[in-house]
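Undergrad: let's see this in three dimensions:
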Amino acid sequence: MVKSVRAALEDTDPTLVLAARTLGATPLRAFFTIQLPLAYRGVVAALMLAFARSTGDFGLTLMVAGDIPNQTQTASLAIYDAIQGHRESDALVMIFVLTGLVLTFLYVVGKLTAREPNR
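TA: Below you'll find the model as predicted:
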């Protein structure tokens, strides 16, 4: 996520930030009013990809935090527990919901990061 956000921020036109600075904006104000709004598509895309990636963390969570329902249980651990408890229909519903969410996020990320053709 950090690399994607950094690339989005570096892709903004530095002359716009410099123009804001010459007009009296502080570096922090220039960042929040000029650079961040121009890079919002890349930042939102990075956040969505980070969320989509985090839905698949299974082994690490199980080994480090355990599988405590309502405390450390992630979606993938809930699916695992449902399958172990012979509740395949519950697991299938969770799988479809997660798959739908991730596909939606990936579609939105694709739209946000797509470059507009030169006219």
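Undergrad: right, and the helix or strand after the lowest-mean-pLDDT helix or strand in the chain?
TA: For the chain, the helix or strand with the lowest mean confidence is helix 59-64, at a mean of 73 (criterion: mean pLDDT, DSSP states H and E). Toward the C-terminal end, the helix or strand that comes next after helix 59-64 (DSSP states H and E) is helix 75-84.
Undergrad: and the helix or strand following that next one, what does it pack against?
TA: Past helix 75-84, heading to the C-terminal end, the next element that is a helix or strand (DSSP H and E) is helix 88-113. With contacts defined as 3 or more CB pairs under 8 Å, 6 or more residues apart in numbering; DSSP states H and E, the secondary structure elements packing on helix 88-113 are helix 40-54, helix 75-84. Where you see a C-beta, it was placed from the backbone N, CA and C, and this is true even at glycine.
Undergrad: and the closest residue to A65 other than its chain neighbours, how far is that from G100?
TA: Spatial nearest neighbour of A65, excluding adjacent residues (CB to CB, 6 or more residues apart in numbering): T72 at 3.9 Å. When CB to CB, to the nearest Å is applied, the distance between T72 and G100 equals 24 Å.
Undergrad: I appreciate the help and will end here.
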